[in-house]
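K.L.:
predicted model follows, preceded by the sequence.
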Amino acid sequence: MNNSAELSAAVADARAIPSSRDIDESWRRSCRRLRAELGENVFNSWFGCLKLDSIEGDRAQFSVPTRFLKSWIEAHYSDRILAALEAEISGVASVAIGLRSSMGASVAPPAATTVAIQPKAIDAVRHTTARVASASASRGGALREEAAVFGEALASSPLDRRLTFASFLVGRSNQLAHSAAQRVAEDRAGQTPAFSPLYVHSAVGLGKTHLLQATAQAAAAQGRSIIYLTAERFMYGFVAALQSHTAIAFKEAMRSIDLLIIDDVQFLQGKAFQNEFGHALNALLDSGRQVVVAADRPPADLEALDERVRSRLAGGLCVEMTALDEPLRMKILEARIAAARTQNPQFSVSPAVVSYVARSVVSNGRDLEGAVNRLIAHSIVGTPLTVEAAESAIRDLVRAREPRRVKIEDIQKLVASHYSVSRSDILSARRTAMVVKPRQVAMYLSKALTLRSLPEIGRRFGGRDHTTVLHAVRKIEGLSAIDTALREELELLKRMLQD
């Protein structure tokens, strides 16, 4: 009797242990449940590489190829996996996820652009590209292309190894920005940022990109997960993720890093891109991560940017890097000349020439570097580097004490005041004569006194088309050629804006 009972129990236990074929079929049915519950995009992004290896007792053992995928599924989807599996296999009470030793086929990000991608972002790229590539056997070369495209989607913009804190020259104009960037770089992973976001703005050539790249490299050296992107690269990456059907993975990977650095945010155009940037910004800031942003103007002046994003950027530490003062220009020149002498030991510049160049080239660091290159060229042809020779060499860089940077907002305010209308009138759709002329004058001055493109000027004038701006510029140019009073009026406005 006992033997019969033991035999019956053994048979019951054997029936309770599903075969590998039953496990595979049960997992396929569970996947169908998850796909219906979560949607095709989420399922493909996070469950494509999830494999059910075995069921041991009441525990289902899964494996995935990367640590990022393992931690993400454990944190967000383990309960749903367990519920779907329980509906198909009775007795399963827990889920365990391990790492597989082999990732299978994968497409790595391009070597030239991986310098700033850190482990979490790399894992995200590898996971998704592995999923896409593994499916390519059934869907052909198109998916292989998608895998390669997504491999580039999260690739950081290239970093210049020369742009470090050690090579960044500090003066009164950039001291606060330098100190703030160093503080950001020194923070540890998981530490609450002292200020986030850090927003740095300045005119071109004053060192924003150098400072941001120095921050990226110093933070990466501490093992923090960082991504450094220009606005253009961010937009390209988002489009690449959409094209490769991996937008969900792109979004989640962007939100998993310790430090996001975005350069030239003024070029971020288009509602979809701005929305995605705003969502990523909110997610990182709300989770206590660090964000660093640079632009050519303060957040309030980024009129093309969504108001909520501008408000969030303005809520951090906003620092302006102002024009280079003469002592800092001297330091930059001396550093450039010392670097040039390592290549050409005979190259020598007298203190009088250095002082003259520092006083004369006042625009930005790039023009100072251009001045040194011209001096090198004159020394090569044997011309003695006197002050007179230097004056001739850098004549095109001496911009008659280039006026202060003029903003479109300043132009609009001054023109409105001059013609006794309001700035809102100029930006409105009104077409009365008393508004049209000031508007056209303001557009003309914006084109003449700023480096803004016609489309951007149009956007700053109430979202007008660039052809409207072009018409206004040509109209005022034509009138000023025959109307002396208007010509004098325009010259007066220019002087008032530039003084």
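P.N.:
The structure has been received and is ready for your questions.

K.L.:
confirm G462 sits in a helix?
P.N.:
No: with DSSP: H, G, I helix; E, B strand; the rest coil as the criterion, G462 is assigned coil and is not in a helix.

K.L.:
show me this protein divided up by domain.
P.N.:
2-99, 109-321, 326-397, 408-498 (automatic domain parsing).

K.L.:
quick one: the longest one to chain centroid distance?
P.N.:
The chain centroid and the centroid of domain 109-321 are separated by 4 Å under Cα atoms, centre = their mean, to the nearest Å.

K.L.:
one more: the first one?
P.N.:
If you compare the mean C-alpha spot of domain 2-99 with that of the full chain, they lie 40 Å apart, counting by Cα atoms, centre = their mean.

K.L.:
kindly format the C-alpha coordinates of stretch 164-172 as CSV.
P.N.:
What follows is the C-alpha trace of stretch 164-172 in CSV, where atoms were taken according to Å, rounded to 0.1, in the frame of the first residue of the first chain:
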residue,chain,number,x,y,z
THR,A,164,40.0,70.0,-20.4
PHE,A,165,39.9,72.0,-17.2
ALA,A,166,43.7,72.1,-17.2
SER,A,167,43.7,73.9,-20.6
PHE,A,168,40.9,76.2,-19.8
LEU,A,169,42.2,79.7,-19.0
VAL,A,170,40.3,81.5,-16.2
GLY,A,171,39.7,85.3,-15.9
ARG,A,172,37.1,87.6,-14.4
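
K.L.:
and the strands in the stretch 51-200 of the chain?
P.N.:
For the stretch 51-200 of the chain, the strands identified by DSSP state E, counting those that start in this stretch occupy 51-56, 59-64, 94-99, 198-201, in order along the chain.

K.L.:
flag every buried residue along stretch 359-367.
P.N.:
Taking 16 or more other Cβ atoms under 10 Å as the neighbour-count basis, stretch 359-367 is seen to contain the buried residues 360-365, 367. For the C-beta atoms, the positions are set from N, CA and C on the backbone; glycine is no exception.

K.L.:
mind picking the lowest-pLDDT entry from those?
P.N.:
Lowest model confidence among the buried residues of stretch 359-367 falls on S363, which carries 78.

K.L.:
ok so it is a helix residue?
P.N.:
No: under three-state DSSP, S363 sits outside any helix and is assigned coil.

K.L.:
phi first, then psi, for it.
P.N.:
Backbone geometry at S363, expressed as degrees, to the nearest 10, gives phi -80, psi -60.

K.L.:
all numbers from here: first residue = 653
P.N.:
Fine by me, first position is 653 from now on; the one you just mentioned is S1015.

K.L.:
any idea how far it lies from V1050?
P.N.:
9 Å (Cβ to Cβ, to the nearest Å).

K.L.:
before we move on, what about T861?
P.N.:
T861 sits at a distance of 25 Å from V1050 (criterion: Cβ to Cβ).

K.L.:
what do you get for M1148?
P.N.:
M1148 sits at a distance of 24 Å from V1050 (criterion: Cβ to Cβ).

K.L.:
the more surrounded of the two?
P.N.:
Set side by side, M1148 and V1050 give different neighbour counts by other Cβ atoms under 10 Å, the larger being at V1050 (18 against 12).

K.L.:
so what's L815 up against?
P.N.:
Residues touching L815, when contacts are defined by Cβ atoms under 8 Å, 6 or more residues apart in numbering, comprise 861-862, 865-866, 869.

K.L.:
one more pass at 7 Å, please.
P.N.:
The contact partners of L815, taken as Cβ atoms under 7 Å, 6 or more residues apart in numbering, are 862, 865-866.
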